[in-house]
Structures are given as C-alpha cells and as structure tokens.
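Colleague: The following block contains a protein sequence and its predicted model.
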Amino acid sequence: KAGVTQTPRYLIKTRGQQVTLSCSPISGHRSVSWYQQTPGQGLQFLFEYFSETQRNKGNFPGRFSGRQFSNSRSEMNVSTLELGDSALYLCASSSPGVNEKLFFGSGTQLSVL
Amino acid sequence: AQRVTQPEKLLSVFKGAPVELKCNYSYSGSPELFWYVQYSRQRLQLLLRHISRESIKGFTADLNKGETSFHLKKPFAQEEDSAMYYCALSVNDYKLSFGAGTTVTVRA
C-alpha cells in the first residue's frame, strides 16, 4: 500500500500570497488530519476531515482552511501568508474510528519570505 | 483544555543502559495516550498506545491516572533507538495534542 502522499515537498512564498497544499491519504482511509510543525510550537492540530466534513478544528486563524474531496484527498489553503506561517505541514490519514492510529506523510516545508 | 508535557528536550544514554522518557498530561477525564517516534529522515509513526498494552521494539509505557503520567521505558537502549519521541493525547475528538518532544541519543 502506498503511504500518505503530500505535494509539493517544498514551497517558497512571499508575505501576502496564498498557498495550497495537497494530501492523498492511504487507500481506504477516509479521515485526514493536518498538523503544523515548528521548532517553537511543536506539532499543532489544524483540522480533521471525514467524508468531506470537518469534524474538528484547531486554534488557528481563519486564514487557514481546508477541504476534503469525495475520493478522500484533502487540501489545505493558507491565505495572506505571514512570516510566522513558515513551518512543516504534516498530513495524516487513518481509519474512520476515534483515536485510530495516524499514518503521517513526509510533509510540505513552507517558507514565507 | 488538555495539555501534554515532556519535561526533557534532550536525553542522552549509553547503549545497554535503561532509558525513560517522561510524559505528563492534564485532562480530568479518560484520555487515550500515545507515543509517536520520528527516526532520522523518516516519517512520524506510532510507536505504541496505552490501550494496546503492548511492547514495541522493547518499549513499554504505563498509564498512571493518579500521577497523570505516561512515561516511556526501555530496559536496554540500542543505537537504533536514537530518534525524536512525542507523547500525544486524544479525548475522542479526532485530534491529537502533542508534547514538545524529546530527542534521544544513544551513545555507543
């Protein structure tokens, strides 16, 4: 089985721009979660989707949004980029139950200049 | 809100020595606790979860509700155990709250 695939691997943007990150879950997994990883804040939960519905959202500003498609692929979007948005964005997929094991992707490294 | 604390940012042990990574949490209910590990140049992956009560790669972790702790232990550390370890908590809300992580270095 192919693992969780995230594209692109690296992104460089400037302040004020917007960015879209993509995540393809493991086949058969319908739950997709997103996490932001930074040296200062560690791993922080962004949101979780199941069957195209957001089931939970972390404490991030409205500039951070996401969606899930009918094939379970997910995208997250960050608008009006700020320097502080520079981070590794990790996607994870899992079976639909609560507290199921998460399978993480390699992440997208976003640098905002 | 739930919180996970890993007091040690760095931990260095010699090969063959015991290793213990501390994890404390704050939550009044019955959370589920996990340990995730990230080896060099690899993805973050689940090491073990408390409900499984299993030993993975020689590691065990016991949930102590009285002390709100979920420390990770291994009696004899190996060089391949060098990695970043994260303690995480979930309260049936489809998200994980992670600790800051502990970098373990096992010296020969």
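Modeller: That came in fine, so what should we check first? Numbering: from 1, shown residues only, chains lettered A, B, ... in the order given.
Colleague: give me phi/psi at the residue nearest the centre of chain A?
Modeller: The structure's chain A has its C-alpha centroid closest to A:W34; by C-alpha atoms, centre = their mean the separation is 3.3 Å. Here is the backbone geometry of A:W34 (degrees, to the nearest 10): phi -130, psi 140.
Colleague: where's it relative to A:P8, distance?
Modeller: Going from A:W34 to A:P8 by C-beta to C-beta, to the nearest Å gives 15 Å. The C-beta positions use only the backbone N, C-alpha and C, and glycine is treated the same way.
Colleague: Where does pLDDT dip in chain A?
Modeller: A:1, A:97-99 (pLDDT under 70).
Colleague: how about the residues of it that lie near chain B?
Modeller: Residues of chain A found near chain B (C-beta under 8 Å from any C-beta of the partner chain) are A:3-4, A:31, A:33, A:35, A:42-45, A:48, A:50, A:55-56, A:58, A:90, A:98-99, A:101-106.
Colleague: Narrow those residues to just the buried residues.
Modeller: A:4, A:31, A:33, A:35, A:42-45, A:48, A:50, A:55, A:58, A:90, A:99, A:102-106 (16 or more other C-beta atoms under 10 Å in any protein chain shown).
Colleague: and those residues, which of them are in strands?
Modeller: By the criterion of DSSP state E, membership of these in strands covers A:31, A:33, A:35, A:42-45, A:48, A:50, A:55, A:90, A:103-104.
Colleague: Between all of those residues, which two are separated the most?
Modeller: Greatest spatial distance in those: A:G42 and A:F50, 24.6 Å, computed using C-beta to C-beta.
Colleague: which ones are touching A:S33?
Modeller: Taking C-beta atoms under 8 Å, 6 or more residues apart in numbering or on different chains, we find A:S33 in contact with A:45-49, A:91-94, A:102, B:94-96.
Colleague: Just among these, which is most surrounded?
Modeller: Most neighbours among the contacts of A:S33, by other C-beta atoms under 10 Å in any protein chain shown: A:C91, with 29 neighbours.
Colleague: Correct me if wrong: that residue contacts A:T7.
Modeller: No: at 10.1 Å, A:C91 and A:T7 do not qualify as touching, with contact defined as C-beta atoms under 8 Å.
Colleague: hey, what's in contact with both of the two?
Modeller: A:L21.
Colleague: contacting residues for residue 44?
Modeller: Since you didn't name a chain, this refers to chain A. A:Q44 touches A:Y35, A:Q36, A:Q37, A:T38, A:G58, A:N59, A:F60, B:F98, counting by C-beta under 8 Å, 6+ apart.
Colleague: Hmm, no, I was thinking of chain B.
Modeller: A:L90, A:F104, B:Y36, B:V37, B:Q38, B:Y86.
Colleague: To what extent is the closest residue to A:Y49 other than its chain neighbours buried, counted in neighbours?
Modeller: In space, A:Y49 comes closest to A:Q68 once its chain neighbours are excluded; the distance is 3.7 Å by C-beta to C-beta, 6 or more residues apart in numbering or on different chains. When neighbours are defined as other C-beta under 10 Å, A:Q68 has 22 of them.
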